[in-house]
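In: I would like to see how this sequence folds:
(chains A and B)
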2 protein chains.
Amino acid sequence: MSLLIVGSTALDSIKTPRAEKPRLLGGSASHAAVAASFFGPVRLVGIVGGDFPARCLNLYRKHKIDLEGLQVAPGKTFHWSGEYEVNMNNRRTLATELGVFETFTPRLPESYRNSPFVLLANIAPSLQHHVLDQMRRPKWVVADTMDLWLNIALPDLLRLLQRVDGFVLNESEARQLTQEDNLVRAARKIHKLGPKCVIVKKGEHGAMLSAGGKLFLAPAFPLDSVVDPTGAGDSFVGGMMGYLSAARGPVEANLRRAMIYGSVVASFCCEGFGLTATTRTTRAAIEKRVQALEVLTRF
Amino acid sequence: MSLLIVGSTALDSIKTPRAEKPRLLGGSASHAAVAASFFGPVRLVGIVGGDFPARCLNLYRKHKIDLEGLQVAPGKTFHWSGEYEVNMNNRRTLATELGVFETFTPRLPESYRNSPFVLLANIAPSLQHHVLDQMRRPKWVVADTMDLWLNIALPDLLRLLQRVDGFVLNESEARQLTQEDNLVRAARKIHKLGPKCVIVKKGEHGAMLSAGGKLFLAPAFPLDSVVDPTGAGDSFVGGMMGYLSAARGPVEANLRRAMIYGSVVASFCCEGFGLTATTRTTRAAIEKRVQALEVLTRF
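Out: The predicted model follows:
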């Protein structure tokens, strides 16, 4: 079944201790859409400027992503640049140029409005609301977020939590949102805010799902080389929603496996700059790592 | 089969944001021995002073720990005091009074020298060597350590690594020892220093085993309340070695499951001050959490 993804579509300039790569295709929606494309049809909603390179459009097209919802506006594409420290965990934003993103209003083409699965990738909560306002009874809605929205748009975010099935956030965001250091208790508090499924991303330590009164611990695929972690969290949630939208049976029964697929796509993401490694992978390579994760965790 | 444990035997005064508990039974050997006692016979080597409380001796006895190797010397028992921050991850040592520990030389009773399993819990590497010098061909030797020995006794530690089957250390110690930020690569480097099994403890994120060219990811049991994490790492390795010493078949085939048992005993350790919660648990309660971990990680 179709998956609608809305989020940022950007150009990322990334610096690591080993290399510097300018103007790569990036943004939460780009990473999530490419990650999801390995599983089924993906519809993208975003905005780019007149400077958006043809190579980026071609990358979307290579992954058969439906671009009817991608607005092209006069002006510059959202540009983010950041730098990673040696350990690849701490990053510093060097510049954020919003460009056409500043006035973005997501408009859903008629053909998108009945999408059964919706991923509200990281973007302002008010825009996530606006997308839901245009939908016709979606089957399963998941929202991702970032610390910025906890800081500047908390009331919007809290209202959003009452409209989604699943909510994805990272460890420190979960702690900030709930004022609770313990993640099990933090997840419990987030359920009370609305979502029946809470997923806490823990980076290289995997992710935790809390749903139906039960926990699930999804490991991260252990990598011996991390080239660029930008977009790993977006790839995780994109891969997860891609798998969910293509799987048969009740969503709840597929969630654990979906997280494992998300974790594996995120591992590929980390092995190259921007989308370089994700776009080179295949469904077969993904299946191989899923099987490897089964072996890695069996006792 | 019997398990010999050598390490520190101490009194711990622990302060957390919620409470303060003076002079609890502590030390790496105490935590490891009690953790191992749920699985089979344990022989303890350590030293205490004339001030060592009867309640502490009784706690060892309650767990049927063989105390023939526990030296009682004139003077004060090793006393450590520390304080935890709100998140329970960062701790600060307030005082370390070595007492009789300063002149400790582990002497193995004749009956201990043929122990098939040996756990060199955290203690100076020179003393760990001295224990091995007194052993008759043990079947399986594991050493634990701490950052202090990397800083002040690295040559001793490096020589020790050539004499052990398994080496246990935490994430930051693995990074410090190998000058390698990536844990998969760090483990590979540690193998080259000697041990065929390398176990990296990651606290609340579990532990990673590297052995036989394969990795295993052991989750930590998710707790909704951490009272005092002191001794959790010692409990992990004690529980692991206790399980291994009691299990049938080749050690390598039992290692993954042994780590899960270690992880579970460590989870109990965190639920009370010092050994309070560990000593209250039962083999049945441990089995229940092992089964819960199976469910928590199944996909």
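In: at the geometric centre of chain A, which residue sits there?
Out: Closest residue to the average C-alpha location of chain A: residue A:234 at 2.4 Å, with Cα atoms, centre = their mean.
In: give the contact list for it.
Out: Residue A:234 is in contact with A:7, A:28, A:29, A:30, A:31, A:32, A:35, A:121, A:122, A:144, counting by Cβ atoms under 8 Å, 6 or more residues apart in numbering or on different chains. For glycine as for every other residue, the C-beta is placed from the backbone atoms N, C-alpha and C.
In: any of the residues you listed buried? List them.
Out: By neighbour count, with 16 or more other Cβ atoms under 10 Å in any protein chain shown, those hold A:7, A:28, A:29, A:30, A:31, A:32, A:35, A:121, A:122, A:144 as buried.
In: need these in CSV (columns: distance to residue A:244 and pLDDT).
Out: CSV is the format used below for these (distance: Cβ to Cβ, whole Å; pLDDT from 0 to 100):
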residue, distance to residue A:244, pLDDT
A:7, 17, 98
A:28, 17, 98
A:29, 17, 98
A:30, 19, 98
A:31, 17, 98
A:32, 13, 98
A:35, 12, 98
A:121, 14, 98
A:122, 18, 97
A:144, 14, 98
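In: tell me which of these fall in strands.
Out: Under the assignment DSSP state E, those contribute residue A:144 to strands.
In: contacting residues around stretch A:60-74?
Out: Applying Cβ under 8 Å, 6+ apart, the contact partners of stretch A:60-74 are A:4, A:6, A:9, A:30, A:33-34, A:37, A:41-50, A:52, A:57, A:100, A:103-104, A:106-109, A:111-112, A:279.
In: 7 Å instead, please
Out: Applying Cβ atoms under 7 Å, 6 or more residues apart in numbering or on different chains, the contact partners of stretch A:60-74 are A:9, A:33-34, A:37, A:41-50, A:52, A:100, A:108-109, A:111-112, A:279.
In: endpoints of it, how far apart?
Out: When the termini of stretch A:60-74 are compared using Cα to Cα, to the nearest Å, they are 20 Å apart.
In: tell me the buried residues in it?
Out: For stretch A:60-74, by 16+ other Cβ under 10 Å, it's A:60, A:63, A:65, A:66, A:67, A:69, A:70, A:71, A:73.
In: among these, which two are most distant?
Out: Greatest spatial distance in the buried residues of stretch A:60-74: A:63 and A:73, 22.7 Å, computed using Cβ to Cβ.
In: please, which helix or strand holds whatever residue of the stretch 51-200 of chain A ends up closest to chain B?
Out: When scored by Cβ to the nearest Cβ, the stretch 51-200 of chain A has residue A:184 as its residue closest to chain B, at 4.1 Å. Under the criterion of DSSP states H and E, residue A:184 resides in helix A:183-192.
In: okay, that helix in CSV with CA atoms only?
Out: Provided in CSV are the C-alpha atoms of helix A:183-192 (Å, rounded to 0.1, in the frame of the first residue of the first chain):
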residue,chain,number,x,y,z
LEU,A,183,13.5,5.7,29.1
VAL,A,184,11.0,3.1,30.2
ARG,A,185,9.2,5.6,32.3
ALA,A,186,9.6,8.3,29.6
ALA,A,187,7.9,6.1,27.0
ARG,A,188,5.1,5.5,29.5
LYS,A,189,4.6,9.3,29.9
ILE,A,190,4.6,9.8,26.1
HIS,A,191,1.8,7.2,25.7
LYS,A,192,-0.3,9.4,28.0
